[in-house]
Structures are given as structure tokens and as C-alpha cells.
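# below: sequence and its predicted model.
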Amino acid sequence: MQALLIHLSDIHLKSSGNSISSKVEELIRSIQNYALVNDYLFLLLTGDIAYSGLDIEYTQAKIILERIRKHIEHYTNKKIEVILIPGNHDCNLSVRDKTRDKDIQDIISAQDITTGNQVETCCKVQNAYFKFTKGYLPSGKILFSDPLLNIIDYSIGQFNIIFNCYNTAWLSQKQKNTPIFFPIRRYSQEYFRHKADLRISLLHHPYTWVPYTNSRDVKRHIEDTSDLVLTGHEHIPSNAITDNLQGNVTGYFEGAILQDNEDDSRSGFNLLFINFQDGKHKVLNFKWAKDFYSYEGSPDKWTPYKSYVGIGKYHPEISKGFLMLLNDSGGNFSHPNKGNLSMDDLFIYPQLRNLKIARFKGKVLFNDIISSESLANIKKQEHRFLLAGAVRSGKSSLLHYLYKQFHKNNYIPVLLQGREIKSPQISDLEKLIQKTINFQYSNCNYEIYYELENSKR
């Protein structure tokens with residue numbers, strides 16, 4: 001079972017005089033035979049469809065997209081799903097809106113949406129874009145939708161693929177290189193918990209165009225919820241795979257500029273091939289070569305993605321009630337510069353004695369003093385160990401701190417109280433685990449936990 005992703009970006013269509021119009025037939029010719037041998041087809045546009053967000057420019061966009069769509073569908077007898085996100089050029093900034101300018105200033109300053117109508121006000125410049133998208137409504141299941149985020153689930157035979165579509169251009173301004181902000185914390189992880197064989201995120205702006213304080217949040221969120229990320233904006237195609245060395249691997253594909261209004265010899269696009277059964281993908285980067293599109297990359301070079309699709313990007317959030325318990329320092333401690341202090345402010349990893357039982361003349365040998373911080377690196381420790389100590393020696397505090405460290409490193413820890421295990425029956429233990437998960441996590445249940453690999457729980 002294979003899918004072909006046709007990745008177009010930065011078309012910059014004007015009301016007339018578009019050089020891409022004369023290249024469309026060659027673009028189709030470059031795609032059609034690849035489309036013929038794939039089972040499912042997706043046409044992905046990662047922003048800057050228009051040049052200045054005008055209705056007449058989207059009329060031109062419809063003409064071009066329909067030429068591509070109708071020809072490929074007729075040639076292959078397969079339906080093409082069109083998925084769109086906007087870029088900064090999809091904003092009509094010809095008329096200044098002082099209310100919008102003030103809202104943008106407040107949002108950037110606060111790094112948050114401060115009033116309920118700010119999204120609507122700031123997205124008005126994209127009205128023509130939103131009108132255009134009504135002609136390309138997805139046939140997949142819409143899991144979530146608002147002006148800034150759309151999550152769509154498509155069935156691919158026995159597999160499924162989820163697209164997370166982000167509107168990173170909603171705060172675009174006429175001045176170049178102005179900072180942008182995406183309110184990622186506005187969206188609960190609940191929206192991203194749905195199971196998928198492949199998760200793809202589409203966003204116009206790479207992280208370098210997001211202010212640093214928000215960039216870290218956006219990057220971590222995207223990599224936690226995406227297997228592949230497709231972007232545009234910078235006009236230069238590139239392919240990369242990042243690994244955070246904790247089992248979270250993400251593939252990045254930047255789109256080429258399809259139409260450069262200042263240099264009509266610059267034009268390119270990407271084709272991504274997904275083989276679901278073998279768990280592999282490959283990419284071909286096409287660029288204009290005088291009178292046809294030629295590709296870079298090896299058509300036989302497939303890269304496995306099972307290693308990072310299989311881990312499940314969904315990561316549940318610790319519930320507010322349990323997080324308060326984990327952060328409780330056990331006393332009313334305060335500081336003039338902060339006020340009340342939490343466990344994180346006071347915690348120091350205690351020293352442990354590694355108990356090695358060895359009978360020697362009737363005695364037990366104790367040796368090897370180690371830092372309890374080593375327990376946080378579960379890859380280097382055995383998965384089972386016994387922690388013993390006197391009353392109020394810090395056992396619970398250590399476990400609470402380790403719980404947060406494991407969760408931060410993409411594990412799903414569960415903390416059971418020994419006094420609550422009152423039956424040797426497996427069914428009773430499962431009920432206790434289910435009850436505990438429901439309390440400790442805001443968006444997880446026993447079914448999700450049970451389906452995790454043992455190495456992640």
C-alpha cells in the first residue's frame with residue numbers, strides 16, 4: 001500500500017503574467033507516471049498560493065490546480081486529495097487595520113491570545129484564502145478545525161494518515177521579517193491523541209521565523225506529534241531527519257519555490273513516496289531545467305520510518321491535581337524573590353548505596369555509593385530495582401521527581417501506592433492501574449497505556 005504526496009509551495013500567483021502557467025504541462029508529465037503506480041494521491045500546498053491574497057489571484061490558482069488535478073485523476077483513474085495551508089502572501093495587507101495592528105502587538109508582547117475575538121480579527125486578511133479553500137474541502141475525517149489549525153484523518157486501506165495543518169501566517173504584516181507567533185498552548189494534547197500509522201504536519205514558516213520564546217514550544221510540539229514535517233517560505237528545498245536521542249525522530253522536507261516572479265527559471269517541487277507495508281519513505285526534489293523538470297535524489301533510496309512512527313507521537317499530559325502533588329515540597333517554604341517554593345526549587349538528588357548481597361563470613365557487604373540521578377537514565381539501568389530507606393528519608397520525593405523526569409523524556413510512568421494493592425488477582429491490579437492512570441493523566445486511559453511498547457512505560 002503506497003501513497004504519493006505531491007508537495008507544492010510558494011506559487012505566488014498574480015492576476016496575470018504567471019510563468020508557471022507555461023510549465024504546468026511539464027509538471028504534470030513529471031508526476032503522472034509516479035501517480036499511476038501509487039494507490040493514494042495527495043496534493044499538498046504549504047502556503048503562498050497567491051501573491052497578495054486577492055480573489056482574482058485565487059481564480060488563477062483554481063485554474064492551475066484544476067489542470068493538475070483533472071489531468072492526473074483522468075490519467076490514473078484515482079482521486080487526488082488537496083490539502084492547503086496559508087502563507088504570508090495569502091494575506092491581503094493592502095489596507096491597514098489599526099485594530100489588527102494593536103491585536104498583533106498585544107499578542108506578540110503577551111505571547112498569548114488575550115481576548116476572544118483576536119483570532120477572528122487577525123485572520124480577516126485571509127478571507128479570500130478561506131473562500132478559496134471551500135472548493136477543496138477534505139473527504140477525510142475532520143478531527144478538529146478552527147482558523148489556525150485543522151486535523152484531518154484519512155484511511156489508506158488498512159492504514160491511516162493524519163495531517164496537522166497549521167496557519168502560521170495569521171499575524172503576517174506588511175513589513176518584512178516581522179516576528180510571528182503560534183499559540184500552541186491554546187490546543188490541548190487531547191486533539192493529537194488519535195492513533196495513526198503516519199502523522200504529517202504542514203506549516204508555512206520554519207522555526208527560524210518564530211520568536212525564540214515560542215519557537216521552543218512550537219518545535220517540541222511539532223516533533224512530539226509529527227513523523228514528517230513539510231514547510232515552505234524559504235524557497236530552497238531541503239530534506240533532513242532530526243533525532244533528539246530519546247527515541248523521537250522527525251523527518252523535515254522544505255518545499256522549493258514553484259514560481260519566482262523575479263526569476264522565471266526558478267521552479268521546483270517535491271514528491272514524497274510512502275510505503276506503509278514496508279514502513280519506508282523516499283523523496284525526489286524536482287527543479288526546472290530550461291524546458292522540463294529534472295529530479296535530484298535516488299529513486300531507489302528508501303528510508304525506514306517505522307522506528308519513529310511506531311513509538312506513537314502522542315504524549316499524555318499530567319493532570320493538574322497530580323502535578324500539584326508532584327510539585328509539593330512538603331512544607332511552607334518561600335523565598336523573597338519567588339514566593340512559595342516547589343519541589344523543583346529545592347530538590348537535590350540524594351546519594352544511594354548500591355546493595356550487593358554477598359555472604360562473607362555471615363556478613364552482608366555494602367558498597368558502591370551512587371547518585372540517585374543515575375536512575376533517571378532508564379536505558380542504562382535495569383527496568384526493575386528496589387528502593388529501601390528509613391521513614392522520611394526521601395523515597396517518595398525521589399520517586400515524584402523521577403516521575404516527572406521520565407515523563408519529560410517521553411515515557412509514560414505510573415506511580416502506584418503499595419498500600420493500595422490489596423489483591424493478587426491480575427484483574428484487580430488492572431483496575432487499580434486504570435484508576436491511577438485516570439487520576440495521574442488528563443488525556444490518557446488504560447487502553448492507550450496497554451498498547452504502548454513495554455520500553456515506553
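Sure, I can see it. Numbers count the residues shown, from 1 in each chain.

# now do the helices in the stretch 301-450 of the chain.
Ranges of helices in the stretch 301-450 of the chain, per DSSP state H, counting those that start in this stretch, are 306-309, 320-327, 343-346, 395-408, 426-440, 446-450.

# next one, pLDDT for the spatially closest residue to T250 that is not a sequence neighbour please.
Distances taken as Cβ to Cβ, 6 or more residues apart in numbering put E223 closest to T250, at 4.6 Å, once the chain neighbours are dropped. Where C-beta positions appear, they are placed from N, C-alpha and C, glycine not excepted. As predicted, E223 sits at a pLDDT of 86.

# E223 - that's part of a strand, no?
No - read with DSSP: H, G, I helix; E, B strand; the rest coil, E223 is helix and lies in no strand.

# output the lowest mean pLDDT helix or strand found in the chain.
The helix or strand of the chain with the poorest confidence is helix 306-309; it has a mean of 42 (mean pLDDT, DSSP states H and E).

# I'd say the residue nearest to T250 and D243 touch.
No - look at E223 against D243 with Cβ atoms under 8 Å: they stay out of range, at 10.0 Å.

# those two: which is more packed in?
Set E223 next to D243 and count neighbours by other Cβ atoms under 10 Å: E223 wins out with 20 against 12.

# residues in contact with that one?
Taking Cβ atoms under 8 Å, 6 or more residues apart in numbering, we find E223 in contact with 229, 242, 244, 248, 250.

# now with 10 Å, please.
E223 sits next to 201, 229, 242-244, 248-250, 252, 308, 313 when contact means Cβ atoms under 10 Å, 6 or more residues apart in numbering.

# can you check L198 too?
Contact partners of L198, counting by Cβ under 10 Å, 6+ apart, are 3, 154, 156, 159-163, 226-228, 274, 276, 279, 281, 305, 309.

# quick one, helices of the stretch 51-200 of the chain?
Counting by DSSP H, counting those that start in this stretch, the stretch 51-200 of the chain has helices at residues 55-76, 98-110, 118-122, 127-133.

# confidence-wise, which of those is weakest overall?
If you rank the helices of the stretch 51-200 of the chain by mean pLDDT, helix 98-110 sits at the bottom with a mean of 89.

# domain map for this protein?
As assigned by automatic domain parsing, the chain contains the domains 2-309, 320-456.

# winner for burial among the ones you listed?
domain 2-309 (a mean of 18; mean count of other Cβ atoms under 10 Å).

# quick one, which of the helices of the stretch 51-200 of the chain gets closest to S319.
Comparison of these against S319 by Cβ to Cβ identifies helix 98-110 as nearest, at 26.1 Å.

# for that closest one, packing partners?
With contacts defined as 3 or more Cβ pairs under 10 Å, 6 or more residues apart in numbering; DSSP states H and E, helix 98-110 has these neighbours: helix 118-122.

# show me what the helix it packs on is packed up against.
If you count contacts as 3+ Cβ pairs under 10 Å, 6+ apart, helix 118-122 packs onto helix 98-110.

# pull the distance from the helix it packs on to the chain's centre.
26 Å (Cα atoms, centre = their mean, to the nearest Å).

# returning to what we had before: could you dump the helices of the stretch 51-200 of the chain into TSV with distance to S334 added?
Shown next, in TSV, are those (distance: least, Cβ to Cβ, whole Å):
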stretch	distance to S334
helix 55-76	58
helix 98-110	27
helix 118-122	36
helix 127-133	50
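
# nearest to L323 among those would be which one?
Nearest of those to L323, taken as Cβ to Cβ: helix 98-110 at 23.5 Å.

# from Y40, how far off is H89?
29 Å (Cβ to Cβ, to the nearest Å).

# sorry, that was for Y166
To Y40, Y166 is 22 Å away according to Cβ to Cβ.

# farthest pair in the contacts of E223?
Within these, S201 and D243 form the most distant pair, 17.1 Å apart (Cβ to Cβ).

# touching, H407 and Y441? I think so.
Yes - with contacts counted by Cβ atoms under 10 Å, H407 reaches Y441, the gap being 9.3 Å.

# list residues touching both of the two?
Common neighbours of H407 and Y441 (Cβ under 10 Å, 6+ apart) are 316-318.

# among those, which ones are buried?
Buried by 16 or more other Cβ atoms under 10 Å: 316, 318, out of the shared contacts of H407 and Y441.

# take the shared contacts of H407 and Y441 and lay them out in CSV including distance to P206 and pLDDT.
Shown next, in CSV, are the shared contacts of H407 and Y441 (distance: Cβ to Cβ, whole Å; pLDDT from 0 to 100):
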residue, distance to P206, pLDDT
P316, 28, 73
E317, 26, 77
I318, 30, 85
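
# and T46, how far is that from P183?
Using Cβ to Cβ, T46 is found at 20 Å from P183.

# do the same with C91
To P183, C91 is 17 Å away according to Cβ to Cβ.

# again with R96
Going from R96 to P183 by Cβ to Cβ gives 24 Å.

# what does L416 give?
When distance is defined by Cβ to Cβ, L416 is 36 Å away from P183.

# repeat that for K131.
K131 is 24 Å from P183, by Cβ to Cβ.

# by mean pLDDT, show me the worst of the domains of the chain.
If you rank the domains of the chain by mean pLDDT, domain 320-456 sits at the bottom with a mean of 77.

# report the separation between the most centrally placed residue in the chain and R216.
Most central in the chain under Cα atoms, centre = their mean is I222, positioned 2.5 Å from the mean C-alpha point. Distance of I222 to R216, computed by Cβ to Cβ: 11 Å.

# same thing with K195?
27 Å.

# and if you look at T242?
Counting by Cβ to Cβ - T242 and R216 are separated by 14 Å.
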